[in-house]
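Student: I would like to see how this sequence folds:
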Amino acid sequence: MIGRGSWVERHLDPGERLGEVLFGLVMVLTFTLTAGLGVAEGREGVRALLASAIGCNIAWGIIDGVFYVMGGLFHRGRRNRLARALRQMPEEEAAIGVVAGELDESLADVSSPQERRRFYRDIVQVVRRSDPPKVRVTRADLGGALASFWLVVVSTIPAVLPFLIFRDQPRFALRVSNGLLIAMIFLVGFRWARYTGGSGWRTGAALAAMGIALVAIAVALGG
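Tutor: All right, here's what the predicted structure looks like:
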């Protein structure tokens, strides 16, 4: 579903993918953890709960996709403004200083001051010879938005499956659903540790605890 080389991987980096899945899991867990009172109403109450949870994640998937597109436009607009500013600066040293202000924090740990200065000078020269980047929605933006939507929506599957399997035991199905969602949050944390170099078990446990705490806050605030 989200295997290596998939279209989701082509449009979202690991942090973005894991973040979208975590967001979807926490959203649907907010619904299922507060459903204890409604389960007593029987199957119809459970169906209404699931419809609300799935509908909520679809809505938030759409919103997340729109935010992804807006983020792409924001970053291209910022690069456009920076390029225009560099082209208008008569002094090369001033232009190099502006580029250093943008990139030094990211490159300081992996390069020497001399290497960065040469690199920044090359950037200034290339930018001054080129037209500023256009600010428009790209195909990559739309692909990333669709991938974000898909991950948020597909994260509702663990919540739905127990109700399809244990149709005559809605309260038991609810508890299984909650357990699966918490386990999925743990797995997201475990996977996260692959990219950050931490302990998978500790990261998974911390993320699961954080997810439960976020849900508790949302519930306490009426969410």
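
Student: which SSE is the closest residue to Ala108 other than its chain neighbours in?
Tutor: In space, Ala108 comes closest to Arg116 once its chain neighbours are excluded; the distance is 7.6 Å by C-beta to C-beta, 6 or more residues apart in numbering. The C-beta positions use only the backbone N, C-alpha and C, and glycine is treated the same way. Using DSSP states H and E, Arg116 sits within helix 113-129.

Student: go on, Ala183?
Tutor: helix 170-196.

Student: could you give me the average pLDDT of the following helix or strand past that helix?
Tutor: The helix or strand immediately downstream of helix 170-196 is helix 200-220, counting by DSSP H and E. Averaging pLDDT along helix 200-220 gives 79.

Student: Send over helix 200-220 as CSV, restricted to the C-alpha atoms.
Tutor: C-alpha atoms of helix 200-220 as CSV (Å, rounded to 0.1, in the frame of the first residue of the first chain):
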residue,chain,number,x,y,z
GLY,A,200,12.6,2.1,18.1
TRP,A,201,10.9,0.8,21.3
ARG,A,202,11.5,4.0,23.2
THR,A,203,10.4,6.2,20.4
GLY,A,204,7.3,4.1,19.7
ALA,A,205,6.3,4.1,23.4
ALA,A,206,6.9,7.9,23.7
LEU,A,207,4.9,8.6,20.5
ALA,A,208,2.0,6.3,21.6
ALA,A,209,2.0,8.1,25.0
MET,A,210,2.1,11.5,23.3
GLY,A,211,-0.8,10.5,21.0
ILE,A,212,-2.9,9.4,23.9
ALA,A,213,-2.1,12.7,25.7
LEU,A,214,-3.0,14.7,22.6
VAL,A,215,-6.3,12.9,22.4
ALA,A,216,-7.0,13.4,26.1
ILE,A,217,-6.3,17.1,25.6
ALA,A,218,-8.6,17.3,22.6
VAL,A,219,-11.4,15.4,24.5
ALA,A,220,-11.0,17.7,27.6
